[in-house]
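*Asks:* could you look at this predicted model? Sequence included:
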Amino acid sequence: MRPAFLTAARDLQLGREWAVEGETRKAMNIYHDALDLLRALPPERTRDILLAHVHLAIYQTLHLIGDEAGGQHHLQQGVSYARTTRDPLARAIAEECLSGLDAVL
């Protein structure tokens with residue numbers, strides 16, 4: 001599973017970079033690749049932390065392009081995973097998204 005986690009983390013990083021550069025379509029594609037990979041794995045803390053980060057990154061990317069309604073599902077999922085894993089970074093990003101501050105990608 002370790003290679004899958006590394007691949008998902010790399011996809012997340014690339015997606016964030018592309019989103020900041022305005023390549024939202026590429027970012028969304030790679031985020032969804034990460035989601036597909038992570039959802040195929042059995043539940044465990046590392047997987048759930050990565051799911052929190054990917055869902056929140058999708059929400060932030062959609063928010064950047066003005067598709068706030070489309071990102072609500074991902075915000076809810078990201079917040080839920082962030083709360084259950086208690087990962088400090090995921091929780092901080094989730095709190096900023098919920099407060100409307102929109103954490104930097």
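*Replies:* Now that the structure is in, tell me what you want to look at.
*Asks:* what about the helices in the chain?
*Replies:* 2-20, 24-39, 45-64, 68-85, 88-99 (DSSP state H).
*Asks:* now do the buried residues in the first one.
*Replies:* In this case it means helix 2-20. Judged by neighbour count using 16 or more other CB atoms under 10 Å, the buried positions of helix 2-20 are 4, 5, 8, 9, 11, 12, 14, 15, 16, 18, 19. To be clear about C-beta, it is placed using only N, CA and C from the backbone, and glycine gets the same treatment.
*Asks:* not counting its neighbours along the chain, what's nearest the spatially most central residue of the chain?
*Replies:* Nearest to the mean C-alpha position of the chain, counting by CA atoms, centre = their mean, stands residue 54 at 1.7 Å. Distances taken as CB to CB, 6 or more residues apart in numbering put residue 34 closest to residue 54, at 5.0 Å, once the chain neighbours are dropped.
*Asks:* what about the one you found, how many residues nearby?
*Replies:* Neighbourhood size, residue 34 [other CB atoms under 10 Å]: 26.
*Asks:* alright, I will stop here.
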